[in-house]
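Novice: for reference, the sequence and a predicted model appear below.
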Amino acid sequence: MVPTSSTYRADRTPTGGTPEGFWPFAPDLAVEIISRGETEGEVSEKVKEYLSAGAALVWVIHLREREVVAYTPDGLARTYGEDDALEHPDVLPGFSCKVVELFV
């Protein structure tokens, strides 16, 4: 299972550079963009797999609805609309992005 995109904190990355193939641990942030053929069940299963593997945060981007749903290991899901800012300082210190910027 490979997320559409992923991010790893620098303090968790191997000192020898980028490993070949898959990283040996879950990303801090996994980002999934819903494709046309995917069902809610398939997406839900991917989110569960990322979080079970140790991901700290999963963003699911819904293109049609122009929103992002953020999932965390504590079982919470928060929906961000176009006017909201995506911020998660524990995972992405100093990062902030308005959801609408993802759709420009």
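Specialist: Good, I have the coordinates. Since this is a predicted model, take the numbers as computed values, not measurements.
Novice: and the strands in the chain?
Specialist: 5-7, 29-33, 57-62, 67-71, 77-80, 85-86, 97-98 (DSSP state E).
Novice: dump the ones you listed into JSON lines; add mean pLDDT and distance to E40 as well.
Specialist: Where you see a C-beta, it was placed from the backbone N, CA and C, and this is true even at glycine. Converted to JSON lines, the strands of the chain look like this (pLDDT from 0 to 100; distance: least, C-beta to C-beta, whole Å):
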{"stretch": "strand 5-7", "mean pLDDT": "57", "distance to E40": "20"}
{"stretch": "strand 29-33", "mean pLDDT": "89", "distance to E40": "12"}
{"stretch": "strand 57-62", "mean pLDDT": "94", "distance to E40": "10"}
{"stretch": "strand 67-71", "mean pLDDT": "97", "distance to E40": "11"}
{"stretch": "strand 77-80", "mean pLDDT": "97", "distance to E40": "12"}
{"stretch": "strand 85-86", "mean pLDDT": "96", "distance to E40": "21"}
{"stretch": "strand 97-98", "mean pLDDT": "96", "distance to E40": "25"}
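Novice: in JSON lines, list the ones you listed along with distance to E49 and mean neighbour count.
Specialist: Compiled in JSON lines, the strands of the chain are given as follows (distance: least, C-beta to C-beta, whole Å; neighbours: other C-beta atoms under 10 Å):
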{"stretch": "strand 5-7", "distance to E49": "13", "mean neighbour count": "16"}
{"stretch": "strand 29-33", "distance to E49": "9", "mean neighbour count": "21"}
{"stretch": "strand 57-62", "distance to E49": "9", "mean neighbour count": "21"}
{"stretch": "strand 67-71", "distance to E49": "11", "mean neighbour count": "19"}
{"stretch": "strand 77-80", "distance to E49": "15", "mean neighbour count": "14"}
{"stretch": "strand 85-86", "distance to E49": "22", "mean neighbour count": "15"}
{"stretch": "strand 97-98", "distance to E49": "25", "mean neighbour count": "14"}
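Novice: quick one, which of these is nearest to E42?
Specialist: For the strands of the chain, proximity to E42 was assessed by C-beta to C-beta; strand 29-33 is nearest, at 9.9 Å.
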